[in-house]
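1. return atomic coordinates for the entry below.
(one chain, ligands or ions: 2)
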Amino acid sequence: MAKKEYITVQEALTAVLDGVQVLPTEHVPLLEALGRVLAEPVTAHDNLPPFPNSSMDGYALRAADVAHATENVPTVLRVIGDIAAGAIMKTALKPGEAARIMTGAPMPSGADAVIPVEDTNEPWRGRERPLPTHINIHRPVKPNDNVRHIGEDIQAGQTVLQAGHALRPQEVGILASLGIHHVPVIRRPKVGVLATGDELIAVESPLTPGKIRNSNGYTQVAQVLALGGIPISLGIARDTENDVRDKLQAGLDANVDLFVSSAGVSLGAYDVVKAVLEHEGNVSFWRVRMRPGKPLAYGKYGGIPYLGLPGNPVSAMVSFERFARAAILKMAGHTKFDRPQITVTLQDDIESDGRESYIRAVVEKQGDAYIGTTTGGQGSHMMTSLVKANALLIVPENVKFIAAGEQVTAWMLDWPEKVF
Ligand code: AMP
Ligand code: MG
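-> Ligands and ions are numbered 1, 2, ... in the order given. Down below sits the predicted model:
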């Protein structure tokens, strides 16, 4: 891509996504597959259920035998067996016979339905109850009533999950029921996280004059973790090209798939990240018409995609949210990179400067509609407004003012239960 300086959010996003590829497949133990994306379709080798079984505690019988049963004139059947879950009854039911059966136990041959215990003269559950010799049936049942059929949920040979499917607990459960204990998934992206700045000290250190703690390093490691990536913390680089190079080398040694750094990409005298990229890698763009987050460098270092985020904590977090998130999700095999977006009614006026703006806000449900209220101080150093927010309201490019009462799009950061 030609070196561009000042591009739209959409152009920047396209360039970032073009620069990263879906990572290779690995086979992991089932529980490690949670949150990951399936790399290959999964085919069932077994039927589910694997055998016909009862969906009730009751009596397996032949429906034709009880066609005229009523509570006043019950049909009396001879009880020839007791089938617990996990057991098999070898004898087949003959006309006039029944077998007590528990939920999940295999249907005996000869039986075609189950009557629940509640509809007999033995309305008690459990195996402790002595097995009666005869049972009174109080109502008719239809063939197949309360029987779960073989392959009713999944048939052997069927493709159960497609490649690209993101695995949630319910998919883990299906895979477990099919005996699939190692799963082909896309590898987790490894992301090298670097903070840069002479003013930065480690969070463990007491504040000294002129210094601040490296919060970005933590925010970005947390963001990588929240997306299912593997963060590689590269620590703090001083504002010299040499130190930035040294710290990035540790990332190359760790085989990161993406670099994310903060600060050092604007026009200050000590903004060395951009210089390192220009001298030893390449820069595809370094400014985006976005607020917060105008200085944003994208390029490659040592052949690895590199996102140089702004230094201000809010700008860094929001531009990670918009760009690094998409890159990480794409590498991990996902195909949707945007957060859910809804239309909300704005509660207070917002101003912008014509750049696409992401305004920190609280979105709440009010009746059937959603309302969005900005969270106050929008300075790009003010973290508390992000802590209060559950959404970013998007002011489109070239719009400088939106009045309270108008509709805006909210980019939902999360859906807290206490609000929805
Ligand atoms: P810069 O992009 O280097 O001009 O930094 C912009 C602002 O972000 C400055 O106020 C920095 O002190 C601040 N900043 C830079 N890096 C960090 C960091 N890792 N944690 C917190 N604040 C930072
Ligand atoms: Mg700086």
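2. angles on the backbone of residue 245, please.
-> Residue 245 adopts backbone torsions of phi -60, psi -50, taken as degrees, to the nearest 10.
3. find the closest residue to ligand 2 in the stretch 101-250 of the chain.
-> Across the stretch 101-250 of the chain, no residue is closer to ligand 2 than residue 197, which sits at 4.4 Å (C-beta to the ion). To be clear about C-beta, it is placed using only N, CA and C from the backbone, and glycine gets the same treatment.
4. meant to ask about the stretch 251-400 of the chain
-> residue 263 (4.5 Å).
5. for that residue, what are its contacts?
-> 195-197, 216, 271, 273, 309-311, 316 (C-beta atoms under 8 Å, 6 or more residues apart in numbering).
6. thinking again about what came up before, excluding chain neighbours, give the residue nearest to the residue of the stretch 101-250 of the chain closest to ligand 2 in space.
-> The spatially closest residue to residue 197, leaving aside those adjacent along the chain, is residue 263, at 4.9 Å (C-beta to C-beta, 6 or more residues apart in numbering).
7. phi and psi next, for the one you found.
-> Torsion angles, degrees, to the nearest 10, at residue 263: phi 70, psi 170.
8. confidence score at it?
-> Note for residue 263: predicted pLDDT of 95.
9. what's the answer for the one 3 residues further on, then?
-> Reading off the per-residue confidence, residue 266 sits at a pLDDT of 81.
10. touching, it and residue 295? I think so.
-> Yes - the criterion here is C-beta atoms under 8 Å, and residue 266 meets it with residue 295 at 4.0 Å.
11. residues in contact with residue 260?
-> Applying C-beta under 8 Å, 6+ apart, the residues contacting residue 260 are 191-194, 220, 224, 307, 309, 320, 324.
12. for the spatially closest residue to residue 271 that is not a sequence neighbour, what are its contacts?
-> With sequence-adjacent residues excluded and distances taken as C-beta to C-beta, 6+ apart, residue 271 is closest to residue 264, at 4.7 Å. By C-beta under 8 Å, 6+ apart, residue 264 lies in contact with 196-197, 239, 244, 270-274, 308, 311.
13. now residue 382
-> Applying C-beta under 8 Å, 6+ apart to residue 382 gives the contacts residue 314.
14. separation between it and residue 302?
-> Look at residue 382 and residue 302: by C-beta to C-beta, to the nearest Å, they are 35 Å apart.
15. same deal with residue 349?
-> Residue 349 is 47 Å from residue 302, by C-beta to C-beta.
16. burial check on residue 220, number of neighbours?
-> Residues lying near residue 220 (other C-beta atoms under 10 Å) number 25.
17. ok so, going back, more neighbours, residue 349 and residue 302?
-> With neighbours defined as other C-beta under 10 Å, residue 349 and residue 302 compare such that residue 302 has more, 15 against 12.
18. right, and the more buried one touches residue 252 too?
-> Yes - using C-beta under 8 Å, residue 302 is in contact with residue 252, at 4.7 Å.
19. ok, and the closest non-adjacent residue to residue 192?
-> For residue 192, the spatially nearest residue (C-beta to C-beta, 6+ apart) is residue 251, at 3.2 Å.
20. got a list of contacts for the helix or strand encompassing the one you found?
-> In the assignment (DSSP states H and E), residue 251 maps to helix 241-253. Outside helix 241-253, the residues within contact range by C-beta under 8 Å, 6+ apart are 192, 194, 196, 232, 234-237, 259, 261, 264, 272-273, 275-276, 279-280, 301-302, 304.
21. who in the protein is up against ligand 1?
-> Neighbours of ligand 1 within the chain, by C-beta under 6 Å from any ligand atom: 195, 197, 199-200, 212, 214-217, 262-264, 266, 268, 310-313.
22. which of those fall within helices?
-> 215-217, 313 (DSSP state H).
23. taking those together, which two end up most distant?
-> 217 and 313 (10.7 Å; C-beta to C-beta).
24. when the two are compared, which one has more neighbours?
-> residue 217 (24 against 21).
25. run a quick neighbour tally on residue 383.
-> For residue 383, the count of nearby residues is 17 (other C-beta under 10 Å).
26. just residue 26 next, same as before
-> Residue 26, neighbours per other C-beta under 10 Å, totals 15.
27. go ahead and confirm it touches residue 183.
-> No - applying C-beta under 8 Å as the test, residue 26 and residue 183 come out as separate, 9.5 Å apart.
28. picking up where we left off before, ok, the residue nearest to residue 197 to residue 316 distance?
-> Distance, residue 263 to residue 316, using C-beta to C-beta: 8 Å.
29. and residue 258, by the same measure?
-> 15 Å.
30. tell me which of the two has more neighbours.
-> Shown here are residue 258 and residue 316; by other C-beta under 10 Å, residue 316 has more neighbours (28 against 24).
31. which strand or helix spans the more buried one?
-> helix 313-319.
32. which is the next helix or strand following that helix?
-> Counting by DSSP H and E, the element after helix 313-319 in chain order, helix or strand, is helix 325-331.
33. for that following helix, packing partners?
-> helix 9-18, strand 258-262 (3 or more C-beta pairs under 8 Å, 6 or more residues apart in numbering; DSSP states H and E).
34. shouldn't residue 105 be in contact with residue 99?
-> No - taking contacts as C-beta under 8 Å, residue 105 lies outside contact range of residue 99: 9.2 Å.
35. more neighbours: those two, which one.
-> Neighbours were tallied for residue 105 and for residue 99 using other C-beta under 10 Å; the higher tally belongs to residue 99 (27 against 23).
36. so who does that one touch?
-> The contact partners of residue 99, taken as C-beta under 8 Å, 6+ apart, are 59-61, 79-83, 89, 93, 108, 111.
37. and the helix or strand where residue 387 lies, what does it pack onto?
-> In the assignment (DSSP H and E), residue 387 maps to helix 384-388. Helix 384-388 is packed against helix 313-319, strand 356-366, with contacts defined by 3+ C-beta pairs under 8 Å, 6+ apart.
38. how about JSON lines for these, with mean pLDDT and distance to ligand 2 added?
-> Shown next, in JSON lines, are these (pLDDT from 0 to 100; distance: least, C-beta to the ion, whole Å):
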{"stretch": "helix 313-319", "mean pLDDT": "96", "distance to ligand 2": "12"}
{"stretch": "strand 356-366", "mean pLDDT": "95", "distance to ligand 2": "22"}
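39. need the winner for burial among those.
-> Of all the helices and strands packed on helix 384-388, helix 313-319 has the most neighbours on average by mean count of other C-beta atoms under 10 Å, namely a mean of 25.
40. without its sequence neighbours, what residue ends up closest to the residue in the stretch 251-400 of the chain positioned nearest to ligand 1?
-> The stretch 251-400 of the chain approaches ligand 1 most closely through residue 311 (2.4 Å), counting by C-beta to the nearest ligand atom. Among residues not flanking residue 311 along the chain, residue 263 sits closest, at 2.9 Å (C-beta to C-beta, 6+ apart).
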